[in-house]
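Chemist: Can you look at this prediction? I've put the sequence above it.
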Amino acid sequence: MSQLCVLQAGQPMDIERAIIRSAQAFEQHELVFGHGTSEAMSEASWLVLHALGLSPLEAPDYAQLLTDHEINNCNELIVRRINERVPAAYITGTAWFAGLSFRADKRALVPRSPLAEFILDDFFDLINPSNVSAVLDLCTGGGCIAIACATQLAHAKVDASDLSTDALSLAKENVSDHQLQQRVQLIESSLFENINNSYDLIISNPPYVDAQDISDMGEEFEHEPLMGLAAGADGLDLVRVMLDQACDYLNEGGLLVVEVGNSAQALEDAYPDVPFLWLEFANGGTGIFALTRTELTEHAEHIKAGLPV
Ligand SMILES: C[S@@+](CC[C@H](N)C(=O)[O-])C[C@H]1O[C@@H](n2cnc3c(N)ncnc32)[C@H](O)[C@@H]1O
């Protein structure tokens, strides 16, 4: 079988050409995006700049000519992305979330939640940041949401929990990279099982993919841990428990914010009387609701009715 070669050494090629050619190859091979980028040019740019040792935060000189050695380095990553269908973050070992850099590998999902915008934009004024001294990031994965919250809320203590010891070991490295060991505590727990504190904000991007979407997902998603994605027939297995138990862990005036993605309609159908506030994002993304502690308490009966029998 002939080996795939996207970027051919021995011909003049600048950075822009390398990115465009790589993006064309991604499209020809029908790659699936959604792990921090949503289209071929951004994904190609990420990999090419990484291969050249350039930061994605600084605009490169796109007219810079590449040496043969650099072309070969770029080609290696581009071909791997095509042949193995590995998300770019797992190839580079790095992902960006809320303007921060994180280690990313197969121990946890690639960070990509729209919650980054919610955190950076002062929690959309749904809660006064200066009143938030305790945060729980349930289902923290590699810790990106917890670390972004701790960075944004300079005085808050953040608990970050997950059931996966693999995810928690990655989160530990990320917490240490960001020097937040004093304020971010990692807890191994199935949802609230080992949680003993109370919080002003509980924030979560849990598994919420329903059975149909799991079977339709692109190959790229198979590189991520299934327990980070799958959440039963309607995608609500974990969210149901969160709704039922969150008010026991929220302080007076506290807020619950949860991403449910494509399972938003299933949630509305399962809880028609619960007044979910669906957040709107300027940078894209849907399926994230907020509920106050008061709303959770007032609708406790409706919420109990949505639990499986
Ligand atoms: C969608 S990933 C989100 C990771 C991270 N919050 C992010 O936004 O990138 C969901 C995480 O939930 C964890 N998880 C799955 N079941 C869990 C459970 N019963 N209790 C706690 N965490 C769980 C998975 O290990 C995974 O890390």
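Modeler: Nice, thanks for sending it over. Here the structure is a predicted model, which is why all the values come from computation and not from measurement.
Chemist: Going by C-alpha atoms from here, please, whenever you check contacts or count neighbours.
Modeler: OK.
Chemist: Helix or strand: which one has Ser101?
Modeler: strand 100-103 (DSSP states H and E).
Chemist: For the following helix or strand past that strand, name the packing helices and strands.
Modeler: Downstream of strand 100-103, the next assigned helix or strand under DSSP H and E is helix 115-120. Other helices and strands packing on helix 115-120, by 3 or more CA pairs under 8 Å, 6 or more residues apart in numbering; DSSP states H and E, are helix 144-152.
Chemist: isn't Asn197 right next to Tyr249, touching?
Modeler: Yes - taking contacts as CA atoms under 8 Å, Asn197 lies within contact range of Tyr249: 6.7 Å.
Chemist: Look at those two and report which has more neighbours.
Modeler: Set Asn197 next to Tyr249 and count neighbours by other CA atoms under 10 Å: Tyr249 wins out with 20 against 14.
Chemist: Would you agree Leu186 falls within a helix?
Modeler: No - counting by DSSP: H, G, I helix; E, B strand; the rest coil, Leu186 falls outside a helix, being strand.
Chemist: secondary structure class for the spatially closest residue to it that is not a sequence neighbour?
Modeler: Using CA to CA, 6 or more residues apart in numbering and skipping residues adjacent in sequence, the residue nearest Leu186 is Ala160, 4.9 Å away. With three-state DSSP as the basis, Ala160 sits in strand.
Chemist: Give me the buried positions along the helix or strand harbouring Ile78.
Modeler: Assessed by DSSP H and E, Ile78 sits inside helix 68-84. Burial within helix 68-84, assessed by neighbour count using 16 or more other CA atoms under 10 Å, is assigned to 68, 70-79, 81-82.
Chemist: could you redo these as JSON lines and give each row pLDDT and distance to the ligand?
Modeler: What follows is those, written out as JSON lines (pLDDT from 0 to 100; distance: CA to the nearest ligand atom, whole Å):
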{"residue": "Asp68", "pLDDT": "98", "distance to the ligand": "36"}
{"residue": "Glu70", "pLDDT": "98", "distance to the ligand": "31"}
{"residue": "Ile71", "pLDDT": "98", "distance to the ligand": "32"}
{"residue": "Asn72", "pLDDT": "97", "distance to the ligand": "32"}
{"residue": "Asn73", "pLDDT": "98", "distance to the ligand": "28"}
{"residue": "Cys74", "pLDDT": "98", "distance to the ligand": "27"}
{"residue": "Asn75", "pLDDT": "98", "distance to the ligand": "28"}
{"residue": "Glu76", "pLDDT": "97", "distance to the ligand": "27"}
{"residue": "Leu77", "pLDDT": "98", "distance to the ligand": "23"}
{"residue": "Ile78", "pLDDT": "98", "distance to the ligand": "24"}
{"residue": "Val79", "pLDDT": "98", "distance to the ligand": "26"}
{"residue": "Arg81", "pLDDT": "98", "distance to the ligand": "21"}
{"residue": "Ile82", "pLDDT": "98", "distance to the ligand": "23"}
